[in-house]
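Trainee: quick one, structure for this:
(chains A and B)
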2 protein chains.
Amino acid sequence: MEKILTSIITIGDELLIGQTIDTNSAWMAQRLNDMGIWVHRRLAIGDKREDILSALEKESSVSQIVLITGGLGPTADDITKPTLCEYFNTRLVRNEEALNNVLHIFESRGLPMLDRNIEQSMVPESATIIQNKWGTAPAMWFEKDGVIYVSMPGVPYEMQGIMSSYVLPRLETHFKTPAVIHQTIVTSGMGESFVAERLVGFEAALPAHFSLAYLPSYSLLKLRLSAFGAEKLEVAAEMSALFHDLKNLVADIMVTDQDIPIAQVVGQLLLEKGKTAGTAESCTGGLISSQITAIPGSSAYYKGSVVAYANETKIKLLGVNPATIQAYGAVSEETAIEMVKGALNTLQTDYAVAVTGIMGPDGGSAEKPVGTVWIAVANADTIVTKKHQLRYDRERNTNMAAVYALNELRKLILQ
Amino acid sequence: MEKILTSIITIGDELLIGQTIDTNSAWMAQRLNDMGIWVHRRLAIGDKREDILSALEKESSVSQIVLITGGLGPTADDITKPTLCEYFNTRLVRNEEALNNVLHIFESRGLPMLDRNIEQSMVPESATIIQNKWGTAPAMWFEKDGVIYVSMPGVPYEMQGIMSSYVLPRLETHFKTPAVIHQTIVTSGMGESFVAERLVGFEAALPAHFSLAYLPSYSLLKLRLSAFGAEKLEVAAEMSALFHDLKNLVADIMVTDQDIPIAQVVGQLLLEKGKTAGTAESCTGGLISSQITAIPGSSAYYKGSVVAYANETKIKLLGVNPATIQAYGAVSEETAIEMVKGALNTLQTDYAVAVTGIMGPDGGSAEKPVGTVWIAVANADTIVTKKHQLRYDRERNTNMAAVYALNELRKLILQ
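Mentor: Residues are numbered from 1 along each chain as shown, chains lettered A, B, ... in the order given. As a prediction, the model looks like this:
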């Protein structure tokens, strides 16, 4: 069956000068993909009439759906709406419901309303207006020559609200969407090339409507198996069998067979076993804790962290012996062990993980260069330590260290 | 003077299905912008021959520079390089230096080399090859009909290394680049519309080669003033005067006149005053600490955090009175005050900030709905508390709470 093709156009200079990272497109693509709609082009352009017109022209010639975000804020360049009117040969009119929405928002926040906010209730006459319950700019749905165009604000939670409550359901009833299934395995401990080598036969034998993607992410590797077809049940049955085979092929390096962050894998294991965990972080500075608590419900198994950035904090809150730091340094196996013991003891948890290292750009030495990281994980009976030598910048080193630490914790819980 | 226009093309299905967020484009755009090169289009397409050819055709018709990332990994679909050969009418040949690089990388990691890695040293004959010191896929520089094309791997730190060490310097010598200057003010406490209203006169009086952008980010608002011209010194002098005016206009709401994260603003203040800080985090789960320690050199003023996710951790490590939690709840002004006092005391710092709240999606009540957050900041003499009622999802609520907390800390340090 034919794929339903979508283009995403983002409008706004902030994306072109790199001040804002585009997270909207990924969110939209995921949701569309889940319902069998394929994003095959994403285009970012500035607040410029000719660029917008040329993008609408080009994208509607190759896609059945054109989703547009951005260019609708109260201080936007007032370009997007007039240009849409020009393209769809219509004019701006007042929308009472949108006006009431703006009035209501300003009233409830106790703020006076400005002309530029009132302007946000002016909309193209030929559009179907989608009210914005999350902000002041309404979204607009157009149809022209068999192509659907939706223009939405660029603020992520406003766009997400509008897509979830209106656009996605309406697209689903408008098109006979195919069945698309993705299943993901996360692996660790083997490089992309080697995993690919192992899966050569599996890949070669895949039916044409299946595909396998390799997605490295810090020290982990995601294997995403995708399938596409007319009959949902049929595709699901094929997927089930092939995914089972894939799991068997990578069983020794598999972290999870779900597309979830490693902090959530650890959380699920702790929940299943009715155990608790805590962390003692030096160089990761709270990132591990922040990743664990980003999972809703983590309070059921996570008690907290001592972020012991200063040595005196390691000594005072984790009970690290000053003589240990003196003899071996703060970045050492010995200190990591005392930190993890201290975390178990202070936080009163079943498991703990501790990390100490040098993330850069400064602070390295010949003996302990930037990127040196010691990880220790422990429960009442066992302590496991691991050293890594990372080779990246501060941000990437910190993220790598967090993933390595969570993976060691996962392995210990599984023991 | 004419703008030098660039298109960025990213190749790879992982961006189109939303599994990966594109951070490369923002990084590239920032660097190009700093040297006066304007990114006016960004396009993401899949690993498909026709889509790549059509993108190269179209983008080279509107831009002098076409930068391409992705599609060069060892498990990529082997589409990008043959398609580049087709477009540039050339063929793949072995590059000895690239082969040696691959051999060296595998040797130093103690791994056997695979055919698919050796394939990475095959390159289009007509390209200038840029060796990749950060990975196995070399980059390629092409020129055709006055347009420059550079194809690079999509792994961020590899692309960044190649851009910084080779592509950016070479573009700078190739073009007579104009002077571009951006200066940013970060404000807090006033909505975008109201700031814009205040700046109506300033904006109207701006010379044509200046522009002002409003960039909201969590509870902060960035005002970016940009200028563009042939003579660097001239543009810089105009910018200096106008930026001075802008600062005066928003003096009462200004957080900083640099384009830096609020954690770095706080860090600079602490450094200047020779003071230290610590944090006590409940609902933000380590995010504040992680943002503070993301700044290189933060160990000079930051001692650590107690992430007290569980009540027992609040009691044990921060000395919160169980009776306070019993009487007022963990999310209350009273508990926040005891947390911040506990942090000052335990971490032995000059300043501390504490946050306790309900981030959602569950855990709210009629009295304390999801999004209720109490912040307390303190030094030895003063405690300031603040309540916020956030209205977003877990991730956004957590990020908003972190920014609010850091801003309260900033205000207290300035007192």
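Trainee: how near is residue A:359 to chain B?
Mentor: 8 Å (Cβ to the nearest Cβ, to the nearest Å). Glycine gets a C-beta too; all of them are placed from N, C-alpha and C.
Trainee: need the three-state assignment for that residue.
Mentor: Under DSSP: H, G, I helix; E, B strand; the rest coil, the three-state class of residue A:359 is coil.
Trainee: dump the residue contacts of it.
Mentor: Taking Cβ atoms under 8 Å, 6 or more residues apart in numbering or on different chains as the criterion, residue A:359 is in contact with A:283, A:370, A:371, A:394, A:397, A:398, A:401.
Trainee: what about 6 Å?
Mentor: A:283, A:394, A:397, A:398 (Cβ atoms under 6 Å, 6 or more residues apart in numbering or on different chains).
Trainee: and it, its phi and psi?
Mentor: Main-chain dihedrals, residue A:359, degrees, to the nearest 10: phi -90, psi -10.
Trainee: please apply the same query to residue A:160.
Mentor: Per degrees, to the nearest 10, the backbone of residue A:160 is at phi -60, psi -40.
Trainee: which helix or strand contains the residue lying closest to it once chain neighbours are set aside?
Mentor: Excluding the flanking residues, the one nearest residue A:160 by Cβ to Cβ, 6 or more residues apart in numbering or on different chains is residue A:27, at 6.3 Å. Residue A:27 is located in helix A:24-34, with elements delineated by DSSP states H and E.
Trainee: what packs against that helix?
Mentor: Identification of packing neighbours for helix A:24-34 by 3 or more Cβ pairs under 6 Å, 6 or more residues apart in numbering or on different chains; DSSP states H and E yields strand A:4-11, strand A:37-45.
Trainee: pLDDT score for the nearest residue to residue A:90 once chain neighbours are set aside?
Mentor: Distances taken as Cβ to Cβ, 6+ apart place residue A:126 nearest to residue A:90, at 4.0 Å, with adjacent residues excluded. As predicted, residue A:126 sits at a pLDDT of 96.
Trainee: ok, residue A:1 next?
Mentor: 59.
Trainee: now residue A:415: closest residue in space that isn't a chain neighbour?
Mentor: Spatially, and ignoring its direct neighbours in sequence, residue A:415 is nearest to residue A:382 (7.1 Å; Cβ to Cβ, 6+ apart).
Trainee: and the one you found, how many neighbours?
Mentor: Residue A:382 is flanked by 10 other residues according to other Cβ atoms under 10 Å in any protein chain shown.
Trainee: now for the contacts of residue A:359: which two are most distant?
Mentor: A:283 and A:394 (9.5 Å; Cβ to Cβ).
Trainee: more neighbours: which of those two?
Mentor: Applying other Cβ under 10 Å to residue A:283 and residue A:394 shows that residue A:283 carries more neighbours, namely 25 against 19.
Trainee: can you classify the more buried one by secondary structure?
Mentor: Following three-state DSSP, residue A:283 is assigned to coil.
Trainee: now do residue A:289
Mentor: For residue A:289, the assignment made with three-state DSSP gives helix.
Trainee: what's the angle between the helix holding residue A:27 and strand A:4-11?
Mentor: Orientation check (axes from the mean of the first three to the mean of the last three Cα atoms, to 10 degrees): helix A:24-34 against strand A:4-11 gives 170 degrees.
Trainee: may I have helix A:24-34 as PDB, with CA atoms only?
Mentor: Taking C-alpha atoms only, helix A:24-34 is exported to PDB below (Å, rounded to 0.1, in the frame of the first residue of the first chain):
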ATOM      1  CA  ASN A  24       9.100  19.600  17.900                       C
ATOM      2  CA  SER A  25       9.900  17.800  14.700                       C
ATOM      3  CA  ALA A  26      11.000  14.700  16.500                       C
ATOM      4  CA  TRP A  27       7.900  14.700  18.700                       C
ATOM      5  CA  MET A  28       5.600  15.100  15.700                       C
ATOM      6  CA  ALA A  29       7.400  12.400  13.700                       C
ATOM      7  CA  GLN A  30       7.100   9.900  16.400                       C
ATOM      8  CA  ARG A  31       3.400  10.400  16.800                       C
ATOM      9  CA  LEU A  32       2.800  10.400  13.100                       C
ATOM     10  CA  ASN A  33       4.900   7.300  12.700                       C
ATOM     11  CA  ASP A  34       2.900   5.500  15.400                       C
END
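Trainee: quick check: residue A:29 touching residue B:18?
Mentor: Yes - with contacts counted by Cβ atoms under 6 Å, residue A:29 reaches residue B:18, the gap being 3.3 Å.
Trainee: between the two, which one's more packed in?
Mentor: Shown here are residue A:29 and residue B:18; by other Cβ under 10 Å, residue A:29 has more neighbours (25 against 21).
Trainee: pull the contacting residues for that one.
Mentor: A:39, B:16, B:17, B:18.
Trainee: run the last query once more with 10 Å
Mentor: Contact analysis of residue A:29 by Cβ atoms under 10 Å, 6 or more residues apart in numbering or on different chains lists A:6, A:8, A:37-39, A:42, A:67, B:14-20, B:44.
Trainee: great, nothing more from me.
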